[in-house]
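1. Quick one: sequence plus predicted model below, questions after.
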Number of protein chains: 2
Amino acid sequence: MFKINDNYLKLPGSYLFSTVAKKVKAYKEANPDREVISLGIGDVTQPLAPAVIDALHKSVDEMAHAETFRGYAPDLGYEFLRNTIADKDFKALGCDISADEIFVSDGAKSDSGNIGDIFSIDNKIAVCDPVYPVYVDTNAMSGRTGEYNPDTQKWSDVIYMPCTAATNFAPEIPKETPDIIYLCFPNNPTGSTITKPQLQEWVDYANKVGAVIIYDAAYEAFIEEADVPHSIYECTGARTCAIELRSFSKKAGFTGVRLGYTVIPKDLKCGDVSLHSLWARRHGTKFNGAPYIVQRAGEAVYSEAGAKQTMEQIAYYKKNAKTMMEALAGYGYSVSGGVNSPYVWLKTPDNMTSWDFFDLLLEKANVVGTPGSGFGPSGEGYFRLTAFGSYENTLKALDRIKAL
Amino acid sequence: MFKINDNYLKLPGSYLFSTVAKKVKAYKEANPDREVISLGIGDVTQPLAPAVIDALHKSVDEMAHAETFRGYAPDLGYEFLRNTIADKDFKALGCDISADEIFVSDGAKSDSGNIGDIFSIDNKIAVCDPVYPVYVDTNAMSGRTGEYNPDTQKWSDVIYMPCTAATNFAPEIPKETPDIIYLCFPNNPTGSTITKPQLQEWVDYANKVGAVIIYDAAYEAFIEEADVPHSIYECTGARTCAIELRSFSKKAGFTGVRLGYTVIPKDLKCGDVSLHSLWARRHGTKFNGAPYIVQRAGEAVYSEAGAKQTMEQIAYYKKNAKTMMEALAGYGYSVSGGVNSPYVWLKTPDNMTSWDFFDLLLEKANVVGTPGSGFGPSGEGYFRLTAFGSYENTLKALDRIKAL
């Protein structure tokens, strides 16, 4: 008789955003006349940039003719895209990353979930608390996190690094030594950042204790402050300890287009074994490449026109974030994030729980946000709002929150 | 110090098609004047159907305007596609499969590799020999296959079901009872099929012993004989024992577009736990949906024009297969497959090894095929040729093989 992977049964509830989606769907069905504004899931609303649209049409036309048709993509991505990424995202910053250290994928969510495949189950992970749920849930699915305690909302074998107002929403080096450290900056969900010297401390620590850092830089495009690093490879020594995940979802509004990439430097080794070769094997065996037309769309993001247009999109969302920060502070809310990030991290009023505030906002203001406790126990009493709505809806949502 | 997943180190050599690609690349670099014809990897060469191209352009245009832009897709796929699939691929055949039992993905390779995630490591798998390497390699990566013996080219904890000329290239019920049975019909690599009564025997057996069948029907669109089932759900009782994988790669030339789906009936359970809920959790946590434009392209495959055009493509490849079968038999080769399948399974001449024949064909005829031994020990002495080339190249390749 076949047996299932019991680790799945240890997972508490369902995936956070699925739960939010179900609650919103139920509310809308019960209240079809209400206009619900979503500032919840980190999904973009602006259309794709014209340069991206042009690249899509052009590559679709290539697929219509035998002479220019493309079948299976190279395992690790087309060279035109990998070369462009290496030049524009790394060499331009002075980072020593070559095109063949870049693995093109269908997005950072898949990569951040799948990267655990190449590590032993015996590794101990450290995560920020609160944290993007995919890191912990996928480790739990593979049996790396021990047992879940519903009272503490913590897994027995995970090192939690609290990110609270007391630490300026940044993690501190943990007392217990981890094997794998997940870091995400600009942070999801808190919108916080750390400086390059602070990140250098993590790189030095990882190299010292033999840990690997999985660095999620999905929100890199939102960075505006000069002392905030865009890539972990700006730090000395990162080539021997860090994997970096990147996404086109937030950089260019590709949430429905699906494109991302993972960087594994060839110097990152466990004994004689390079993690690059393991990930290449996984990628080549369990994945068949991102669509050709999508890789061409990704390339267009880096063209002169594409870069200008996607920067304008990001400026649009950043204006929303700034507007939200100022308005919410004016209403008396305690807010952070929102500067190098599309996320505003809000302290719930009157010590309400995160889910109570979610329900209040949904039912009284018809605004959807994400409960902080969904991201981990230290997120309790907080709430995440995103700047990805339209400007008009953002203003409308703020007016409704003001009226609460 | 972090530790890697040691199971990766047990894998012999690299992924079959990567090895083939490297050999071909090296040959082309050393012989830039030679025109190499690939009948190797199962990659299509005909352009996308006009109806699919139209759907892509139309949906790209939708992505260009805020009113019609689509961000994250629903976790399990858009309803427009899932409903279409349920109607056209299942209800039309009389199969009891509903839209919410269909999980849209980026392709059957990913799904066949990832499906193992929801099963315990302790399950014993049974595979055909020869077999599509992804099934075995991905189970090996997760530690389910024991140790690899380079002499026998077998894993200690895998049940191999030889598919040889003696069994008409079909598997027989194994002596040892498996927990998970991988079946692929029309078969990759041999091109063989089994009848509906034969498949019913497997379904009955799986239900009797409590095994689950992972049924890969990626080549379903090539079926022309009336007694060959298109779906395992044509068999009574399959809802309690079978998962089916489908691909748009061969059905509609989507190898570079990336679309597939997996069916998990809600009746398929281990005790109280439905595999449907486990896969939904995995899909929602480690995947973010196929691109909107690609799902629209998939929908167009089922339109009146799309169905007609993709049928014509398949007829084109089938004409190649028929031509190959007749010509190769005429040259004195022993061939099978090639009727309900794009694959011709060839016995190597003079008892040559599969790789020796690969080298001969590459160097003397400049034709690329796939060595049968790459698919498993019982594939030794065989060779796979695909019908996915152009008709002109297929004729040219046949002439070169004739001249050997």
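-> Done, it's in.
2. any low-confidence regions in chain A?
-> A:14-15 (pLDDT under 70).
3. give me that answer again for 90
-> For chain A, the stretches with pLDDT under 90 are A:12-19, A:21, A:40-43, A:74-75, A:150, A:404.
4. Can you pull the domain assignment for it?
-> A:8-48+A:305-402, A:53-303 (automatic domain parsing).
5. Now render those domains as a markdown table, adding distance to chain B.
-> C-beta here means a position set from N, CA and C on the backbone, and glycine is covered the same way. As requested, the domains of chain A are arranged in a markdown table below (distance: least, CB to the nearest CB, whole Å):
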| stretch | distance to chain B |
| --- | --- |
| domain A:8-48+A:305-402 | 4 |
| domain A:53-303 | 3 |
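6. Would you point to the one among the ones you listed that's packed deepest?
-> By mean neighbour count, with neighbours taken as mean count of other CB atoms under 10 Å in any protein chain shown, domain A:53-303 ranks first of the domains of chain A at a mean of 20.
7. and A:Ser354, backbone torsions?
-> Main-chain dihedrals, A:Ser354, degrees, to the nearest 10: phi -60, psi -40.
8. what's the closest non-adjacent residue to it?
-> A:Pro371 (3.5 Å; CB to CB, 6 or more residues apart in numbering or on different chains).
9. same check, this time on A:Pro291
-> A:Pro291's closest residue in space is B:Arg258 (CB to CB, 6+ apart), at 4.9 Å.
10. In terms of secondary structure, what does the longest helix belonging to chain A contact?
-> In chain A, with assignment by DSSP state H, the single longest helix is helix A:304-330. In terms of contacts (3 or more CB pairs under 8 Å, 6 or more residues apart in numbering or on different chains; DSSP states H and E), helix A:304-330 is packed against helix A:50-62, helix A:249-252, helix A:292-301, strand A:335-337, strand A:343-347, helix A:391-402.
11. List the strands paired with the fourth one, with their directions.
-> Strands adjacent to strand A:335-337 in the sheet, as given by DSSP bridges, are strand A:343-347 (antiparallel).
12. what sits up against the strand it pairs with?
-> Under the criterion CB atoms under 8 Å, 6 or more residues apart in numbering or on different chains, residues A:42, A:165, A:169, A:186-192, A:219, A:321, A:324-325, A:328, A:333-338, A:369, A:372, A:381-387 lie in contact with strand A:343-347.
13. 6 Å instead, please
-> A:189-191, A:324, A:333-338, A:382-386 (CB atoms under 6 Å, 6 or more residues apart in numbering or on different chains).
14. quick one: contacts of the following helix or strand past it?
-> Later in the chain than strand A:343-347, the nearest helix or strand by DSSP states H and E is helix A:354-360. Residues from elsewhere that reach helix A:354-360 (CB under 6 Å, 6+ apart): A:Thr348, A:Pro371, A:Gly372, A:Ser373, A:Glu380, A:Phe383.
15. next structured bit after helix A:354-360?
-> strand A:367-368.
16. Which strands border that following strand, and is each parallel or antiparallel?
-> When DSSP bridges is applied, strand A:367-368 pairs with strand A:37-38 (parallel).
17. what's the spacing between the strand it pairs with and its chain's center?
-> Put simply, strand A:37-38 sits 20 Å off its chain's centre (CA atoms, centre = their mean, to the nearest Å).
18. rewinding a little: list the residues that contact the residue nearest to A:Ser354.
-> Applying CB under 6 Å, 6+ apart, the residues contacting A:Pro371 are A:Ser354, A:Trp355, A:Phe358.
19. Check A:His283 too.
-> Taking CB under 6 Å, 6+ apart, we find A:His283 in contact with A:Asp75, A:Phe103.
20. quick one, phi psi at it?
-> phi -60, psi -40.
21. swap in the one 4 residues further on?
-> In this entry, A:Phe287 is assigned phi and psi values of phi -150, psi 150 (degrees, to the nearest 10).
22. quick one, what contacts it?
-> B:Ser110.
23. that older thread, dump the contacts of A:Pro371 into JSON lines; add distance to A:Val209 as well.
-> JSON lines is the format used below for the contacts of A:Pro371 (distance: CB to CB, whole Å):
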{"residue": "A:Ser354", "distance to A:Val209": "33"}
{"residue": "A:Trp355", "distance to A:Val209": "37"}
{"residue": "A:Phe358", "distance to A:Val209": "38"}
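24. coming back round to it: in the contacts of strand A:343-347, find the pair that's most separated.
-> A:Ser334 and A:Thr386 (17.9 Å; CB to CB).
25. Now do the nearest residue to A:Lys3 once chain neighbours are set aside against B:Gly284, distance only.
-> Distances taken as CB to CB, 6+ apart place B:Ser120 nearest to A:Lys3, at 3.8 Å, with adjacent residues excluded. To B:Gly284, B:Ser120 is 21 Å away according to CB to CB, to the nearest Å.
26. With A:Leu199 instead?
-> In terms of CB to CB, A:Leu199 sits 31 Å off from B:Gly284.
27. circling back: from the contacts of helix A:354-360, which is closest to B:Val104?
-> Among these, and counting by CB to CB, the member closest to B:Val104 is A:Pro371, at 28.4 Å.
28. And stretch A:256-270, end to end?
-> Counting by CA to CA, to the nearest Å, you get 36 Å between the two ends of stretch A:256-270.
29. Other residues contacting that stretch?
-> Contacts for stretch A:256-270 (CB under 6 Å, 6+ apart): A:97, A:101-108, A:111, A:239-240, A:243-248, A:274-276, A:279, A:290, A:294, A:298, B:4, B:70-71, B:291-292.
30. so how far is it off the chain centroid?
-> So, by CA atoms, centre = their mean, the centroid of stretch A:256-270 is 14 Å from its chain's centroid.
31. quick one on the thing from earlier: looking at it, the residue nearest to A:Lys3 is touching A:Asn7, isn't it?
-> No: using CB atoms under 6 Å, B:Ser120 is not in contact with A:Asn7, being 9.1 Å away.
32. can you give me phi and psi for A:Asn149?
-> Residue torsions, per degrees, to the nearest 10, at A:Asn149 are phi -110, psi 110.
33. coming back round to it: chain center to the longest helix of chain A, what's the gap?
-> 18 Å.
34. Would you mind getting the angle between it and helix A:391-402?
-> 10 degrees (axes from the mean of the first three to the mean of the last three CA atoms, to 10 degrees).
35. Now do the phi/psi pair for A:Met63.
-> phi -70, psi -10.
36. Look up how far A:Gly71 lies from it.
-> The separation that A:Met63 has from A:Gly71, given CB to CB, amounts to 10 Å.
37. A:Leu385 too?
-> 43 Å.
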